[in-house]
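Visitor: Pasting the sequence and the predicted coordinates here, then a few questions.
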Amino acid sequence: MMSMLGNALTVIALVVALASAACLLVGVKVRREGLVNAGYLGTFACLIALTAGIVIILVCFLTENYTLAYVVSNFPQTSSPLKVLYQVAGVWAGRQGSLLFWTWLIALFSGVVAWRRLRVTDDLSSVALAVAQIVVALFAATLVLSDSNNPFLPTAAEYLNADGTLVEGLSAGMNPLLLHWAMVLHPPATFIGYAGCTIPFAYAIASLVVGDFSARWIELVDRIAVFSFIFLTIGMGLGAVWAYVVLGWGGFWAWDAVENASLMSWLTAVAMIHSFTMYRKRGCFKRWSMFAATITFIFVVLGTFITRSGLVQSVHAFAEDPVSTYFFLGIMVAAALAFLILLIYRHGALDDADEIESLASKSGSYYLTNLVCIVGAVLVAYLTVSSALPTWMPLGGQAVSAGVYNAVARPATALFGLLMAVCPLLGWRKTEGEAFARNFRVPAILGAMMFAALMVFFVLRLVPDYEGVMAAGGDAAAALAEQGPSWYYFGVAVVSFLAASLLLATSAYLLARGVRGRMKNRGENPLVAAFNLFRHSPAQAGGYLTHLGCAVVLVGLVGSGMFVHEETVSLTNEAGSSAQVAGYSITFAGAEDTFDEQDDRIMTVDLEIARAGSSDDEWLGALSPSVEVSASTQQQTLHASVLSFPSEDLFVAFQGLNADGSLSLSVKINPLISVLWVGGVITVVGIVLAFAPRRATPLLAADARGEVR
């Protein structure tokens with residue numbers, strides 16, 4: 001029954017989405033209001049059908065109904081207190097459910113737009129909804145036409161007992177690596193960001209179709225774009241946290257193909273939001289805005305194309321599916337062609353005021369920001385798919401290592417940080433040297449002080465870490481050597497610290513200047529002035545706070561990404577056995593070998609951590625890393641243990657027993673990684689505050705009926 005109902009709902013959603021798009025397009029073309037209204041109602045009907053499908057999957061997980069094969073494959077076999085949350089997460093944990101969830105989110109965004117524009121049903125919004133509904137229909141078609149994507153396939157009768165329970169001994173369940181709170185939140189946050197990027201693309205295409213090149217379409221999608229960007233950022237951050245604490249390798253970013261997919265769309269979304277700002281405020285960057293919205297959508301689809309086509313190997317990828325390959329490739333090609341054809345068709349009508357008198361201006365810096373983001377995203381995309389490209393192309397047929405990405409990303413990020421630091425102090429069209437020097441004086445002094453402090457930390461702490469790794473040799477030393485000679489490696493770190501210092505100082509100075517202005521002009525105390533600054537100027541103040549957070553992130557990236565100290569040590573299986581790693585003494589205190597309710601084996605080691613070389617070895621804390629071996633799949637999961645300090649983390653992963661019975665421990669010291677997490681939180685808070693409700697902007701025009709748009 002669940003299978004039949006779910007399949008019927010997805011077919012209904014597909015048919016209704018197509019019918020809705022047709023009604024909207026034909027209704028706009030022939031000026032039939034009834035058809036347009038039917039298209040809006042079809043948007044709601046499609047959303048209802050997909051919502052019912054999501055509810056079916058969710059109810060099956062919560063009630064342990066195994067009649068759907070998808071539930072069998074993704075049910076969390078755990079006794080954790082978070083089991084209910086993992087059951088909810090089962091909706092998007094697997095290939096089929098994640099695609100249904102993504103399709104539903106696109107329909108949800110479309111439904112929100114339809115609800116907001118239902119009273120007006122203007123041509124621009126109607127065509128945009130038609131584009132969004134076509135996207136929904138294409139996504140729904142991959143569910144209907146491919147068994148590999150169908151979450152409503154019934155469970156084979158031989159796998160179920162008469163009472164509906166699973167046959168004993170059947171191997172099934174959610175991947176143990178997903179049983180973590182971050183993976184409850186990371187996928188939906190990412191999918192919300194992905195789905196939301198459909199709406200700016202739809203309005204960009206609609207603007208070209210209708211021929212409306214006012215800032216009206218930007219006003220309609222700007223907040224949705226920022227909302228989506230918030231969740232893209234949160235999704236990337238949660239994914240990094242999960243990778244750090246669950247995967248057991250001690251890092252948070254491995255340049256995996258699926259990670260890269262998120263980064264591509266995030267970078268282009270940065271360009272999109274900045275272009276929207278220029279379009280809305282200055283009436284320029286019209287082509288940039290349309291292009292950025294389109295390429296962001298294309299890169300969003302490229303992410304799922306990579307994971308479902310088998311094009312690129314990834315630990316996150318699903319099995320290859322021909323239907324997904326052709327459909328998602330078709331979506332990308334169709335989006336690109338539609339944009340290019342319409343742009344050429346409307347070329348003469350686009351009176352873009354993109355004149356840039358000088359690159360040393362706000363307009364020029366926005367232009368450079370767009371170039372850096374778009375070129376960076378395209379480069380990441382190319383390197384990600386290089387292994388699938390023909391051998392006659394540069395790097396064709398070659399899998400690119402993480403070191404190649406780092407060699408490009410590190411200096412580019414440092415230079416981008418310098419650009420972000422200078423941009424807010426420039427004039428809109430042209431910057432006078434005297435005015436810039438006056439504005440930059442205080443940030444330069446503050447930045448110099450911060451840079452000096454970072455240089456002290458760099459010389460006393462980070463340089464010795466680098467030299468220690470190089471002296472120890474092995475894979476870690478080889479990876480560092482691959483990045484170039486020490487003078488270049490140190491130079492990138494120093495320039496990054498300089499960029500972070502100036503960016504932090506500039507952002508803090510501008511926020512303080514805004515607070516001081518309110519204190520002087522309105523007589524407010526500092527706390528009230530700061531509150532009202534974000535209340536009355538949320539976009540600008542939130543933007544400065546976001547830049548400040550990016551500066552903090554950059555500091556964390558230098559330490560935790562470039563100067564990690566890594567060693568693999570062995571301890572005998574005897575209490576008191578110890579080893580020293582970079583100033584820490586690690587002592588074996590005991591071990592425990594247990595089995596949980598699912599008969600999964602959990603081997604835990606207890607370690608005492610002390611400061612090596614101090615009097616009596618100053619005790620710092622205890623760690624208990626473990627290895628869990630799944631009884632059903634024999635998959636091994638490392639549960640690392642971390643001891644955090646303000647300036648660094650001590651990360652220890654128990655990798656099991658060596659051939660001689662000794663304990664194998666992977667130990668990493670990650671400098672400044674706490675700074676990275678703090679910076680990420682500040683960045684998200686800044687974006688959220690910039691998104692906060694604000695007074696309505698002046699209305700731009702009235703529609704043909706005289707109604708306000």
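Guide: Arrived safely.
Visitor: contacts and neighbour counts: CA atoms only from here.
Guide: Will do.
Visitor: May I ask you to confirm that residue 91 is in contact with residue 102?
Guide: No: judged on C-alpha atoms under 8 Å, residue 91 makes no contact with residue 102 at a distance of 10.7 Å.
Visitor: quick one: which of the two has more around it?
Guide: Between residue 91 and residue 102, residue 91 has the larger neighbour count (other C-alpha atoms under 10 Å), namely 29 against 23.
Visitor: For that one, pull up the helix or strand it's in.
Guide: Using DSSP states H and E, residue 91 maps to helix 83-93.
Visitor: So for that helix, what gets flagged as buried?
Guide: Buried residues in helix 83-93, defined by neighbour count with 16 or more other C-alpha atoms under 10 Å: 83, 85-93.
Visitor: can you check stretch 650-659 too?
Guide: Buried residues in stretch 650-659 (16+ other C-alpha under 10 Å): 650-657.
Visitor: Stretch 27-36: end-to-end distance?
Guide: 5 Å (C-alpha to C-alpha, to the nearest Å).
Visitor: Stretch 522-541 now?
Guide: 18 Å.
Visitor: Let me know the average pLDDT across that stretch.
Guide: On average, the pLDDT along stretch 522-541 is 85.
Visitor: Give me the contacts around it.
Guide: 511, 514-516, 518-519, 542, 686, 689-692, 694 (C-alpha atoms under 8 Å, 6 or more residues apart in numbering).
Visitor: Tell me who's in contact with the residue nearest to residue 245 when sequence neighbours are not counted.
Guide: Excluding the flanking residues, the one nearest residue 245 by C-alpha to C-alpha, 6 or more residues apart in numbering is residue 640, at 6.3 Å. In this structure, residue 640 makes contact with 245-246, 248, 624-626, 651-654, judged by C-alpha under 8 Å, 6+ apart.
Visitor: now residue 294
Guide: So residue 294 contacts 200-201, 204, 335-336, 339 (C-alpha under 8 Å, 6+ apart).
Visitor: farthest pair in those?
Guide: 200 and 336 (14.4 Å; C-alpha to C-alpha).
Visitor: Which of those two has more residues huddled nearby?
Guide: Ranked by neighbour count (other C-alpha under 10 Å), residue 200 and residue 336 place residue 200 first, with 28 against 16.
Visitor: Using the three-state scheme, assign the more buried one.
Guide: The assignment at residue 200 comes out as helix when based on DSSP: H, G, I helix; E, B strand; the rest coil.
Visitor: For it, give its distance to residue 212.
Guide: Here the criterion is C-alpha to C-alpha. By it, residue 200 lies 15 Å from residue 212.
Visitor: thinking again about what came up before, out of the contacts of residue 640, who's nearest residue 15?
Guide: If you rank these by distance to residue 15 using C-alpha to C-alpha, residue 246 comes first, at 41.7 Å.
Visitor: circling back: biggest separation within the buried residues of stretch 650-659, which pair?
Guide: Farthest-apart pair in the buried residues of stretch 650-659 is 650 and 657; separation 21.0 Å (C-alpha to C-alpha).
Visitor: Could you export the strand or helix carrying residue 566 as CSV, CA atoms only?
Guide: Applying DSSP H and E as the criterion places residue 566 in strand 565-571. C-alpha atoms of strand 565-571 as CSV (Å, rounded to 0.1, in the frame of the first residue of the first chain):
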residue,chain,number,x,y,z
HIS,A,565,51.7,18.1,13.1
GLU,A,566,51.0,14.4,12.5
GLU,A,567,52.5,11.2,13.8
THR,A,568,51.5,7.5,14.1
VAL,A,569,52.6,6.0,17.4
SER,A,570,52.4,2.5,18.9
LEU,A,571,51.9,1.7,22.5
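Visitor: Report all helices and strands that it contacts.
Guide: helix 463-472, strand 578-581, strand 663-671 (3 or more C-alpha pairs under 8 Å, 6 or more residues apart in numbering; DSSP states H and E).
Visitor: and the angle from that strand to strand 663-671?
Guide: Going by axes from the mean of the first three to the mean of the last three C-alpha atoms, to 10 degrees, strand 565-571 is angled at 160 degrees with respect to strand 663-671.
Visitor: Parallel or antiparallel, list what pairs with strand 565-571.
Guide: strand 663-671 (antiparallel) (DSSP bridges).
Visitor: Tell me what angle the partner strand forms with helix 463-472.
Guide: Angle of strand 663-671 versus helix 463-472, following the same axes, to 10 degrees, is 150 degrees.
Visitor: Name the helix or strand for residue 627, please.
Guide: Per DSSP H and E, residue 627 falls inside strand 626-629.
Visitor: Pull out the buried positions in that strand.
Guide: In terms of neighbour count (16+ other C-alpha under 10 Å), strand 626-629 has its buried residues at 626-629.
Visitor: Between all of those, which two are at the greatest distance?
Guide: The span of the buried residues of strand 626-629, defined through C-alpha to C-alpha, is set by 626 and 629 at 10.0 Å.
Visitor: Tell me, how many residues neighbour the closest residue to residue 147 other than its chain neighbours?
Guide: In space, residue 147 comes closest to residue 153 once its chain neighbours are excluded; the distance is 7.5 Å by C-alpha to C-alpha, 6+ apart. For residue 153, the neighbour count with other C-alpha under 10 Å is 20.
Visitor: pLDDT at residue 153, what is it?
Guide: As predicted, residue 153 sits at a pLDDT of 93.
Visitor: same thing with the one 10 residues further on?
Guide: Per-residue pLDDT puts residue 163 at 69.
Visitor: Where do the strands of the stretch 501-650 of the chain begin and end?
Guide: For the stretch 501-650 of the chain, applying DSSP state E, counting those that start in this stretch gives strands covering 565-571, 578-581, 584-595, 601-611, 618-623, 626-629, 636-639, 641-644, 648-657.
Visitor: Can you point out the buried residues in the second one?
Guide: Right, strand 578-581. Applying 16+ other C-alpha under 10 Å to strand 578-581 flags 578, 581 as buried.
Visitor: Please work out which residues outside it touch it.
Guide: Under the criterion C-alpha under 8 Å, 6+ apart, residues 567, 569-571, 585-588, 612, 667 lie in contact with strand 578-581.
Visitor: Turn the residues you listed into CSV, columns for distance to residue 324 and pLDDT.
Guide: Listed next are the contacts of strand 578-581 as CSV, based on distance: C-alpha to C-alpha, whole Å; pLDDT from 0 to 100:
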residue, distance to residue 324, pLDDT
567, 42, 84
569, 45, 87
570, 46, 89
571, 49, 88
585, 52, 89
586, 50, 89
587, 51, 89
588, 50, 89
612, 55, 78
667, 41, 89
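Visitor: closest to residue 597 among these?
Guide: For those, the residue nearest residue 597 by C-alpha to C-alpha is residue 588; the value is 27.4 Å.
Visitor: intersection of neighbour lists for residue 626 and residue 629?
Guide: Counting by C-alpha under 8 Å, 6+ apart, the residues touching both residue 626 and residue 629 are residue 602.
Visitor: any low-confidence regions in the stretch 51-200 of the chain?
Guide: Residues of the stretch 51-200 of the chain meeting the criterion pLDDT under 70: 163-164, 168-172.
Visitor: Tell me which residue is most central in the chain.
Guide: In the chain, the residue lying closest to the centroid (C-alpha atoms, centre = their mean) is residue 236, at 3.0 Å.
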